[in-house]
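>>> Curious how this folds, go ahead:
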Amino acid sequence: MKKSEIKFVVELDKENIPEKIMWDADEKEQPGMTETKSISLSLWDHDNKNTMRIDLWSKDMPLDEMKHFYIDCLGGLAQSVLNATGDEYMNQEMANLCDKLVEHVKNEG
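Predicted coordinates for the structure are as follows:
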């Protein structure tokens, strides 16, 4: 059986706030650790029937980029719902929310 590994390394300041987040994956095009400003990881806990989440961002990530990041995450989830379940209603409702959030962010600036 083939295995693939994804690795995250988080450098913390003295208050345990992420200063730097690095990642690497066996399937990544460019080998070696790459810096990112934010990660959002969700895992389904089958036994408890709930989602476990890890959300981290470096303290220097700009607020506008953080908002775009979460809109992109939601848009990706909308596509994943469609791919995984074929539920076009859920996909469309999530996509509509993304459109509203994009407008909200545009109007802030």
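>>> Not counting its neighbours along the chain, what's nearest the most centrally placed residue in the chain?
Residue closest to the average C-alpha location in the chain (Cα atoms, centre = their mean): residue 40, at 3.5 Å. Excluding its sequence neighbours, the residue lying closest to residue 40 (Cβ to Cβ, 6 or more residues apart in numbering) is residue 55, at 5.0 Å. Backbone N, C-alpha and C define where each C-beta goes, glycine included.
>>> Show me how far the helix or strand harbouring that neighbour is from its chain's centre.
Residue 55 is part of strand 50-57 when elements are defined by DSSP states H and E. Relative to its parent chain, strand 50-57 has a centroid offset of 9 Å by Cα atoms, centre = their mean, to the nearest Å.
>>> what about the strands in this structure?
With strands called from DSSP state E, the chain shows them at 6-12, 18-25, 34-36, 38-45, 50-57.
>>> from the ones you listed, which stretch is densest packed?
Most buried of the strands of the chain by mean neighbour count (mean count of other Cβ atoms under 10 Å) is strand 18-25; its value is a mean of 15.
>>> sorry, back to before: okay, the residue nearest to the centre of the chain: pLDDT?
Residue 40 is assigned a pLDDT of 97 by the prediction.
>>> Please tell me I have it right and residue 9 contacts residue 34.
No: with contact defined as Cβ atoms under 8 Å, residue 9 does not reach residue 34; the gap is 10.5 Å.
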